[in-house]
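1. here you go, sequence then predicted model.
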Amino acid sequence: MALKPLVSKCTLPHLYPTFMCYQQPAFRSKGMPQNVLQCNISRRIGVIAVTASTMLAREAIFREDIANAFEFRMVAPDQTVEQAESGIRYHAQSLLHVKALLESESWSEVQKALRASSASLKQDIYTLINNKPATERPQLRKLYSDLFNGVTKLDYAARDKDVSRVHQCYENVVVALDSILSRL
């Protein structure tokens, strides 16, 4: 509300600097009054103030815990094959522990747990696939795709609170996870 007096009042000459030019600008030669010029400048200042405050507040608006979405990085930058192998079992187990949440039908918690565990598992599996021989990669990528498409379908089923589809998708995820872990 403190910006409103600055933007709406055009008669405060001490807030607006006076610009001197050697040539008269084109818009003044057409008879534009001085108060219209000052209002245009005050609108600009208002727009700049709003834009600056929005940019400064973006961390509060776009926080990661608010977004709560999938992680789109495919490979962790400094992740070694050993780190991926050690983390893959843990992340796979945490993905399978979603079953208890499914049984209790706490759908928002199911979605949060799925998204947290699948992001890390996705990075680990992708790191291992990239370090396999080129002849094995297409089959592993197919299994990888089947697994995470199943996780996405499970997430959507939990969002829709469809109990029968949730259990069917969970079984598909378990089968896909077993098949990809047996080949890695």
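-> Yep, that arrived.

2. hey, let's count contacts and neighbours off CA atoms from now on
-> Fine.

3. for the nearest residue to V98 once chain neighbours are set aside, which residues are in contact?
-> Ranked by CA to CA, 6 or more residues apart in numbering and with sequence neighbours excluded, the top spatial neighbour of V98 is V110, at 6.2 Å. Neighbouring residues of V110 by CA atoms under 8 Å, 6 or more residues apart in numbering: V98, L101, L102, D155, A158.

4. which among those gets closest to S53?
-> When the contacts of V110 are ranked by distance to S53 (CA to CA), D155 comes first, at 35.6 Å.

5. neighbours around S179, how many?
-> 15 (other CA atoms under 10 Å).

6. that one contacts L143, doesn't it?
-> Yes: between S179 and L143 there is a contact under CA atoms under 8 Å: 7.4 Å.

7. now do the helices in this structure.
-> 3-8, 26-29, 34-56, 58-61, 64-67, 81-96, 98-104, 107-130, 137-160, 163-183 (DSSP state H).

8. average model confidence for the third one?
-> Just to be clear, that refers to helix 34-56. Averaged across helix 34-56, the pLDDT comes to 68.

9. point out where this structure drops to low pLDDT.
-> Applying pLDDT under 70 to the chain flags the ranges 1-41, 58-78.

10. what about the closest residue to L128 other than its chain neighbours, distance to G87?
-> Once flanking residues are discounted, L128 sits nearest to V81: 6.2 Å by CA to CA, 6+ apart. The gap separating V81 from G87 is 10 Å, by CA to CA, to the nearest Å.

11. ditto for L140
-> From L140 across to G87, the span is 18 Å (CA to CA).

12. compare neighbour counts for these two and give me the winner.
-> L140 (22 against 16).

13. show me the contacts for that one.
-> I129, I180, R183.

14. mind checking which of these are buried?
-> Buried residues within those, counting neighbours by 16 or more other CA atoms under 10 Å: I129, I180.
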